[in-house]
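Participant: sequence and predicted structure are below.
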Amino acid sequence: MNIEVSVIIPNYNCKPYLAKAISSVVRQKNINCEILVIDDGSTDGSVEWLDNAKKTLSNIRVIKQKNTGVVGVRNKAIAEAKGEYIAFLDADDYWTDDKLFDQISYMKNNSSCVLSFTNYMHVDEEYASIIDCFSYWPEFSKFIDSDHIGYQNLQSPMDLLIFANVIGTSSVVVKKSAINYVGKFDNSLNSASDWDCWLKLARIGDVAFSQQISMGYLMRAGSITANRQNRLNAMKEIISRCKNDIGIKTRLKAQARIFECYGEYYREIGLKFKAFSLTAAAFMLFPHKRNFQHLLHDIKQSIKSP
């Protein structure tokens, strides 16, 4: 059987979610795919569950290794992948039916497209909807032809993605040849290696997207996320790498996004006045609805402070 797409699922102690993720891949129709699960040293019984799943799923491969982190896992899986296209799915996320067929069909018919992604829904642990990604980024709306059904090329992808990373990793399909060409995910970054990779791909080919909500992103209570300071440092490094690919206006938007993220960080740790000053700086550089709401919140909190 000719494998069209390799579905890469990194797993680290996600046993409660594996069945939903993998079953959402199995339900994909009219597509020949392999499911490549890289277990990154799980200790929660995931390996035993996966070994049992292999007895009934002929297209699943499980690779077991010591814990190295998600970047190393994804890069190892890309090297092992047999498909012309690679789709990413985190072990606690899931797809809607026929997500892959529509996406792969578009990319096959548009050979210059190296990366495609979809809108997705944030869901809570009861799988109730919270907000979709594109609605969270209202500044993305001007890049969308609302009358267009299906996939469409993203105009000036660097200009958008450098300040608004609307790409959910579990919604992404890439050409294997293209992601290998750009060096895959950068293990030297302590965070945001996915964003860095999408930007590298945007330099060499077309990026397409669909407004269709084709993925569920689980917001897990108490889930471990990358250290916020590491992410902020990585953001600054990635933007610096792109400075020759973007104009001054986009650079200002990118700087505003960094200020906005620092404002969020200081807000979380209770430094209200630092949060206010950085949010105000972000708003001055690039005013939009979300940072205006943050600014109003910080003003209210500052007034309440003794």
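Facilitator: Good, I have the coordinates.

Participant: how about the helix or strand containing residue 16: buried residues?
Facilitator: Assigned by DSSP states H and E, residue 16 belongs to helix 15-26. Within helix 15-26, the residues scored as buried using 16 or more other Cβ atoms under 10 Å are 15, 17, 18, 20, 21, 22, 24, 25. (Glycine included, C-beta is placed from N, CA and C.)

Participant: please determine how far residue 87 is located from residue 30.
Facilitator: 15 Å (Cβ to Cβ, to the nearest Å).

Participant: quick one, which of those two is more surrounded?
Facilitator: residue 87 (28 against 11; other Cβ atoms under 10 Å).

Participant: assign the closest residue in space to residue 193 that isn't next to it in sequence to one of the three secondary structure states.
Facilitator: Setting aside the residues directly before and after it, residue 193 is nearest to residue 185 in space (Cβ to Cβ, 6 or more residues apart in numbering), at 4.4 Å. Residue 185 falls in the coil class when you classify it by DSSP: H, G, I helix; E, B strand; the rest coil.

Participant: contacts only, for residue 185.
Facilitator: Residue 185 sits next to 71, 74, 75, 193, 194, 196, 197 when contact means Cβ atoms under 8 Å, 6 or more residues apart in numbering.

Participant: buried residues in the longest helix along the chain?
Facilitator: Criterion DSSP state H: the longest helix present in the chain is helix 248-268. Of all the residues in helix 248-268, those buried under the rule 16+ other Cβ under 10 Å are 250-251, 253-267.

Participant: and the next helix or strand after that helix, average pLDDT?
Facilitator: The helix or strand immediately downstream of helix 248-268 is helix 272-285, counting by DSSP H and E. The average pLDDT for helix 272-285 rounds to 90.

Participant: and helix 272-285 with helix 248-268, angle?
Facilitator: Helix 272-285 and helix 248-268 meet at an angle of 160 degrees, taking axes from the mean of the first three to the mean of the last three Cα atoms, to 10 degrees as the criterion.

Participant: contacts for whichever helix or strand comes after helix 272-285 next, please.
Facilitator: Next in sequence after helix 272-285, counting helices and strands by DSSP H and E, comes helix 289-304. If you take Cβ under 8 Å, 6+ apart as the criterion, helix 289-304 is touched by 136, 138, 256, 260, 263-264, 267, 272-273, 275-276, 279-280, 282-283.

Participant: surely residue 171 and residue 213 touch.
Facilitator: No. At 9.3 Å, residue 171 does not count as touching residue 213 under the criterion of Cβ atoms under 8 Å.

Participant: if we can go back for a sec, quick check: the farthest pair among the contacts of helix 289-304?
Facilitator: Within these, 138 and 273 form the most distant pair, 27.3 Å apart (Cβ to Cβ).

Participant: can you map out the strands along the stretch 101-250 of the chain?
Facilitator: 113-123, 129-132, 151-153, 173-175, 206-218 (DSSP state E, counting those that start in this stretch).

Participant: can you list those strands in a markdown table and add mean neighbour count?
Facilitator: Below are those laid out as a markdown table (neighbours: other Cβ atoms under 10 Å):
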| stretch | mean neighbour count |
| --- | --- |
| strand 113-123 | 23 |
| strand 129-132 | 12 |
| strand 151-153 | 17 |
| strand 173-175 | 24 |
| strand 206-218 | 21 |
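
Participant: I'd like the ones you listed as CSV, with distance to residue 57 and mean pLDDT appended.
Facilitator: Formatted as CSV, the strands of the stretch 101-250 of the chain follow (distance: least, Cβ to Cβ, whole Å; pLDDT from 0 to 100):
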stretch, distance to residue 57, mean pLDDT
strand 113-123, 24, 97
strand 129-132, 29, 94
strand 151-153, 29, 94
strand 173-175, 21, 98
strand 206-218, 21, 96
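
Participant: as TSV, the ones you listed with distance to residue 245 would be great.
Facilitator: TSV is the format used below for those (distance: least, Cβ to Cβ, whole Å):
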stretch	distance to residue 245
strand 113-123	16
strand 129-132	28
strand 151-153	18
strand 173-175	19
strand 206-218	14
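
Participant: out of those strands, which comes closest to residue 163?
Facilitator: Among the strands of the stretch 101-250 of the chain, strand 206-218 comes nearest to residue 163, with 15.0 Å by Cβ to Cβ.

Participant: could you dump that closest one to PDB, C-alpha only?
Facilitator: This file holds the C-alpha atoms of strand 206-218, laid out as PDB (Å, rounded to 0.1, in the frame of the first residue of the first chain):
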ATOM      1  CA  ASP A 206       2.800  28.700  -0.200                       C
ATOM      2  CA  VAL A 207       0.900  28.300   3.000                       C
ATOM      3  CA  ALA A 208      -2.800  27.500   2.800                       C
ATOM      4  CA  PHE A 209      -5.500  27.300   5.400                       C
ATOM      5  CA  SER A 210      -9.200  26.400   5.900                       C
ATOM      6  CA  GLN A 211     -11.800  28.200   8.000                       C
ATOM      7  CA  GLN A 212     -13.300  24.800   8.800                       C
ATOM      8  CA  ILE A 213     -12.800  23.800  12.400                       C
ATOM      9  CA  SER A 214     -11.100  20.400  11.900                       C
ATOM     10  CA  MET A 215      -9.300  19.900  15.200                       C
ATOM     11  CA  GLY A 216     -10.100  19.900  18.900                       C
ATOM     12  CA  TYR A 217      -7.400  21.400  21.200                       C
ATOM     13  CA  LEU A 218      -7.700  20.200  24.700                       C
END
